[in-house]
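Engineer: Here is a sequence with its predicted model. Questions after.
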Amino acid sequence: MAANFRIGRCELRTGARALLCDGEPVKLGGRAYDVLVALIERRDRLVEVDELVDVVWPGLAVEENNLSVQISTLRKILGPEAISTIRGRGYRFTAEIAEISRPALPVPLTLEPARLVGAQAAIRPSVAIVPFLTLDGPGDAIGLGDVLADQLIGTLSTCPLLDVISRLSTSVFRDRTTPLPRIAQLLDAHFVVSGSCWREGSRVTASLELADARTQRVLWSRSVSDHVEGVLRADSGLLMELAGGILQGIIAAEISQARARPFADVESHTLLLSAIGLLYRLSRKDFDLARTALETLRERAPTHPLPLAWLARWHLFRVVQGWSESRDDDGRSALDFARRALDIDPDSSLALTMLGNVHTSYLRDLDAADTHYAAATRSNPNESLAWLQWGNARSFRGDGPTALNYVDRAIRLSPLDPARHFYDSISASAALAAGDHERAVTAARASLAQNEHHVSTHRVLAIALSLTGRLGEARSQVQQLLALEPGLTVETFVARSPGAASGLAQRFGQALAQAGLPHRADAPH
């Protein structure tokens, strides 16, 4: 089944394995999701317990209580009347449900639909998380290892940079007797996560490792411990630490692969992940390498919108960072790449986001930017970068509360984002627009602790420090800012800022002047 369904205030998107309520993604464990889909597929009849268990836990011995827990979870979300219990027999889905028809994305005439799907799938690396061994329980029962694997699959599935193999496919390798290369081959996975866990009193310890299926080399390993509840909560620190480590291990491997081999020879997903990782590091050498990777990817996948959209981002970064020899040349290139990406896929949420970003930071047309960000979030409500950049645009309008709301939503949608420093930077800008100067200082410093090369973060921190009266710290921050962007003046800051129309740029320019930023290029320091 690959369809979308409306269930009251909720929407089930089976293609994305996502459940949304009131437009917001719901944290739903993998087994609960599979139970929901199984019941909806069989909504015209009673589904007996044994049949439901066979579908959701194929080949495994599972107590009925495990199924009851998943049913209870679904009722809490969809309402107590959504699923009826036929005592002694099974369950039936009884909520009103309507299938949502969505128009198919337009396909370029030069590319057949099957080839387009293949190209899109190949551009992201796939990771398989096999059920973890539970060392203190029976081998034929569902234990903490299965729960932890399910939760990690659900957490990593929120990352748009990865394809996470379904638990229905990985569960057959629960016995762990199949060699890693065979698992990777059967699942078509580039990376495999495996491990074990055990319980000591009220605490659980998990030991995991990430392996590259191409080289069979362990890229990352970690042992962590937490209370049992930490395994059961989708937002627990234990899960976020493990998922974040896995993602960073994959990105580091792809960057290493790209640097070690000629770009023309590496796979498309390596080019994409390494390009994004190198771009957000914001060192000049890595930044230039990111463009080479994206151009190579564009040659490999000329009918795919992603390389074009990220090239738009690359050119715009040169403008924002003050690295551009010609702001107009880079601005026009960014605009051209974003439009070309939309020519290929008019519904691409990433390309719409990049076009909105060009209108924000280069053209300074915030009305047009709002239009593009709104279109991006309609196309994909889970596009975290769209909400983030929309929040940035609202900051320039002086609408701090809405900006903070959008930025916080973006962080919730992408808690593992490898460019978290960028999210923190825009969070600082939103707090500044909202008048929460202390929050702006905290967020800016968190961003710089992760990446000290982001010029706009230094500007935000200097402004926030100045507005809180900490002029000594503000002056020190301005000196660091000028080391990264030597030609910056109050005059150029105000002239280039999208916040000039709202008056924010002028007020923030005064704060920078108080912190020692020269008014004009010929003014004494």
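Structural biologist: Everything's here; your move.

Engineer: What about I251, how many residues nearby?
Structural biologist: 19 (other CB atoms under 10 Å). Quick note: C-beta positions are derived from backbone N, CA and C, even for glycine.

Engineer: got the phi/psi numbers for the residue lying closest to it once chain neighbours are set aside?
Structural biologist: By the measure of CB to CB, 6 or more residues apart in numbering, the closest residue to I251 outside its immediate chain neighbours is G277, 4.8 Å from it. The phi/psi pair for G277 (degrees, to the nearest 10) reads phi -60, psi -40.

Engineer: so what's G277 up against?
Structural biologist: Residues in contact with G277, defined by CB atoms under 8 Å, 6 or more residues apart in numbering, are I251, A252, E254, I255, P418.

Engineer: How about the contacts made by the third one?
Structural biologist: Going by CB under 8 Å, 6+ apart, E254 touches P125, H269, T270, L273, S274, G277.

Engineer: Check which helix or strand the fifth one maps to.
Structural biologist: Here S274 is covered by helix 268-281, with elements defined by DSSP states H and E.

Engineer: Just give me how far the next helix or strand along the chain from that helix sits from the chain centre.
Structural biologist: Using DSSP H and E, the helix or strand that follows helix 268-281 towards the C-terminus is helix 284-300. In terms of CA atoms, centre = their mean, to the nearest Å, the centre of helix 284-300 is found 21 Å from the chain centre.

Engineer: Residues in contact with helix 284-300: which ones?
Structural biologist: Residues outside helix 284-300 that contact it (CB under 8 Å, 6+ apart) are 123, 258-259, 263-264, 268, 271-272, 274-276, 278-279, 281, 306-308, 310-311, 314, 317, 323.

Engineer: low pLDDT regions in the protein?
Structural biologist: For the chain, the stretches with pLDDT under 70 are 1-3, 15-17, 59-63, 101-122, 136-142, 175-176, 230-235, 261-262, 264-265, 521-525.

Engineer: Let me see the ranges of the helices in the stretch 51-200 of the chain.
Structural biologist: When secondary structure is read from DSSP state H, counting those that start in this stretch, the stretch 51-200 of the chain shows helices at 64-78, 113-122, 144-156, 167-170, 180-187.

Engineer: ok, and which of those helices has the densest surroundings?
Structural biologist: Across the helices of the stretch 51-200 of the chain, averaging neighbours per residue (mean count of other CB atoms under 10 Å) puts helix 144-156 on top, at a mean of 24.

Engineer: Return the distance of that one from the chain's centre.
Structural biologist: Distance, stretch centre to chain centre, for helix 144-156: 18 Å (CA atoms, centre = their mean).

Engineer: and if you look at stretch 417-436?
Structural biologist: That offset, for stretch 417-436, works out to 16 Å (CA atoms, centre = their mean).

Engineer: Can you point out the buried residues in it?
Structural biologist: 417-434, 436 (16 or more other CB atoms under 10 Å).

Engineer: Now, those that are in helices?
Structural biologist: Judged by DSSP state H, the subset of these located in helices is 420-433.

Engineer: Using a markdown table, lay out these together with distance to V494.
Structural biologist: Output for these, formatted as a markdown table (distance: CB to CB, whole Å):
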| residue | distance to V494 |
| --- | --- |
| R420 | 29 |
| H421 | 26 |
| F422 | 24 |
| Y423 | 26 |
| D424 | 25 |
| S425 | 20 |
| I426 | 20 |
| S427 | 23 |
| A428 | 19 |
| S429 | 16 |
| A430 | 20 |
| A431 | 21 |
| L432 | 15 |
| A433 | 16 |
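
Engineer: circling back to that earlier point, got the contacts of E254 as JSON lines, with distance to L481 columns?
Structural biologist: Shown next, in JSON lines, are those (distance: CB to CB, whole Å):
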{"residue": "P125", "distance to L481": "37"}
{"residue": "H269", "distance to L481": "36"}
{"residue": "T270", "distance to L481": "35"}
{"residue": "L273", "distance to L481": "30"}
{"residue": "S274", "distance to L481": "29"}
{"residue": "G277", "distance to L481": "25"}
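
Engineer: Using JSON lines, please lay out the helices of the stretch 51-200 of the chain together with distance to Q480.
Structural biologist: Shown next, in JSON lines, are those (distance: least, CB to CB, whole Å):
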{"stretch": "helix 64-78", "distance to Q480": "48"}
{"stretch": "helix 113-122", "distance to Q480": "41"}
{"stretch": "helix 144-156", "distance to Q480": "36"}
{"stretch": "helix 167-170", "distance to Q480": "47"}
{"stretch": "helix 180-187", "distance to Q480": "46"}
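
Engineer: Out of those, which gets nearest to N382?
Structural biologist: Comparison of the helices of the stretch 51-200 of the chain against N382 by CB to CB identifies helix 144-156 as nearest, at 13.6 Å.

Engineer: so what does that closest one touch, helix or strand wise?
Structural biologist: Under the contact definition 3 or more CB pairs under 8 Å, 6 or more residues apart in numbering; DSSP states H and E, helix 144-156 sits against helix 30-41, strand 126-129, strand 133-134, helix 167-170, strand 191-200, strand 203-212, helix 228-232, helix 237-260.

Engineer: which residues are in contact with it?
Structural biologist: Against helix 144-156 from outside (CB under 8 Å, 6+ apart): 27-31, 33, 127, 129-134, 137, 162, 164-167, 170-171, 174, 193, 196-199, 204, 206, 228, 231-232, 234, 239-240, 242-243, 246-247, 416.

Engineer: sorry, back to before: so what angle separates the directions of the helix holding S274 and helix 237-260?
Structural biologist: Helix 268-281 runs at 100 degrees relative to helix 237-260, counting by axes from the mean of the first three to the mean of the last three CA atoms, to 10 degrees.

Engineer: Put the alpha carbons of helix 268-281 into CSV.
Structural biologist: Coordinates of each C-alpha in helix 268-281 appear next as CSV, following Å, rounded to 0.1, in the frame of the first residue of the first chain:
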residue,chain,number,x,y,z
SER,A,268,26.1,9.6,-6.1
HIS,A,269,25.1,9.3,-2.5
THR,A,270,28.7,9.8,-1.4
LEU,A,271,28.9,13.0,-3.5
LEU,A,272,25.7,14.4,-2.1
LEU,A,273,26.4,13.7,1.6
SER,A,274,30.0,14.8,1.3
ALA,A,275,29.0,18.0,-0.5
ILE,A,276,26.5,19.0,2.1
GLY,A,277,28.9,18.1,5.0
LEU,A,278,31.8,20.1,3.3
LEU,A,279,29.6,23.1,2.5
TYR,A,280,28.4,23.6,6.1
ARG,A,281,31.9,23.3,7.5
